[in-house]
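In: Kindly return the folded structure for what I paste below:
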Amino acid sequence: MPESILIVDDDHQVTEFLERFLSKYAYQTASAGSATQMSLLMEHREFDLVVLDVGLPDIDGFQVVRDLRRVSSIPIILLTVRDEVVDKIVGLEIGADDYVAKPFEPRELLARIRSVLRRASTKPEPQGAPQGPETVFSGFRLDTDTRKIAAPSGTNVPLTSTEYSILVALVQRSGEVVGRDQLMDMLYGGSVHVTDRALDAHIARIRRKLVTAGAEPDLIKTVHGSGYALAAKIGTPGVQDFT
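Out: Numbering: from 1, shown residues only. Below you'll find the predicted structure:
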């Protein structure tokens, strides 16, 4: 079934162009000119990804991301008018998966859409982690079948597709340093330019969510000049979890 993309932008020329452009690549599309219209569409239809302009007429796009993240982990790509690092970092820190600055090259946006959707749908192959759909670390349960993380309390930890992919990579190589370049290549495949600070923003958000759910603050360690490491031993359900 074709993947469905919701384009949210008050510039009708942009939405009409993107709908035509993306349809050429077998995507189903719909568009909304405001956050209110977006909400109505999402109540009656399921989407696989949202392309969201920051400058909406009724609600600030960053606030829309915050509101969406309270109820959904749907992938979000932000469209920003200004190509400023601060706007990009804010967007990533509040839960967006990627960003594109206007005016943009359509093929770059297409590459980012494909990358984000691939991360959202691909289940990584286990490497260092135990075999089976569930892995336990520091009381958390990672289920690669459902792509969910359960806290020690049993509640779900709401990770975006990008955050999930990063955490899985760290879990698979727990105790080892996973290089920044390795993570960037895993996430973006080298096909588009992404700053290091984008990765830092994702890591910071993962840490914040895990700590809120009961993890120690240093569960994910930063190895300056190298990358990141998960400071936990890995177990399986029913087997003692060594931390």
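In: can we go C-alpha only for contacts and neighbour counts from here?
Out: Will do.
In: The helix or strand where residue 65 lies - contacts with which helices or strands?
Out: Secondary structure from DSSP states H and E places residue 65 in helix 61-71. Contacts defined by 3 or more CA pairs under 8 Å, 6 or more residues apart in numbering; DSSP states H and E place helix 61-71 against no helix or strand at all.
In: Now it: buried residues?
Out: When burial is assessed from 16 or more other CA atoms under 10 Å, helix 61-71 yields the following buried residues: 61, 62, 64, 65, 66, 68, 69.
In: got the contact list for that helix?
Out: 35, 52, 53, 54, 55, 76, 91, 94, 95, 96, 158 (CA atoms under 8 Å, 6 or more residues apart in numbering).
In: where's the lowest-mean-pLDDT helix or strand in the chain relative to the chain centroid, distance-wise?
Out: Counting by mean pLDDT, DSSP states H and E, the chain has its least confident helix or strand at helix 85-93, which shows a mean of 78. Centroid separation for helix 85-93 versus its chain: 13 Å, with CA atoms, centre = their mean, to the nearest Å.
In: Tell me who's in contact with residue 60.
Out: Contacts of residue 60 by CA under 8 Å, 6+ apart are residue 54.
In: And the average pLDDT for stretch 60-68 is what?
Out: Mean per-residue pLDDT for stretch 60-68: 92.
In: next one: stretch 75-83
Out: Mean per-residue pLDDT for stretch 75-83: 84.
In: quick one: the helices in this protein?
Out: Along the chain, counting by DSSP state H, helices occupy 12-23, 35-44, 61-71, 85-93, 106-121, 161-172, 180-188, 196-212.
In: now these in CSV, with distance to residue 135?
Out: As requested, the helices of the chain are exported to CSV (distance: least, CA to CA, whole Å):
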stretch, distance to residue 135
helix 12-23, 37
helix 35-44, 33
helix 61-71, 25
helix 85-93, 26
helix 106-121, 19
helix 161-172, 8
helix 180-188, 20
helix 196-212, 16
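In: Mind checking these for the one nearest to residue 231?
Out: helix 161-172 (9.3 Å; CA to CA).
In: What is the closest one packed up against?
Out: Helices and strands touching helix 161-172, by 3+ CA pairs under 8 Å, 6+ apart, are helix 106-121, helix 180-188, helix 196-212, strand 227-230.
In: Excluding sequence neighbours, find me the nearest residue to the residue sitting nearest the centre point of the chain.
Out: In the chain, the centroid-proximal residue (CA atoms, centre = their mean) is residue 162; its distance is 2.9 Å. The spatially closest residue to residue 162, leaving aside those adjacent along the chain, is residue 97, at 6.0 Å (CA to CA, 6 or more residues apart in numbering).
In: Kindly report the same for residue 176.
Out: Leaving aside its chain neighbours, residue 176 sits nearest to residue 229 (5.6 Å; criterion: CA to CA, 6+ apart).
In: Mind listing the residues bridging to the one you found?
Out: Following DSSP bridges, residue 229 is listed with bridge partners residue 221.
In: how close does it sit to residue 163?
Out: In this view, residue 229 and residue 163 are 15 Å apart by CA to CA, to the nearest Å.
In: Residue 53 pairs with what?
Out: Beta bridges link residue 53 to residue 79, judged by DSSP bridges.
In: thinking again about what came up before, what about burial for the contacts of helix 61-71, which qualify?
Out: 35, 52, 53, 54, 55, 76, 91, 94, 95, 96, 158.
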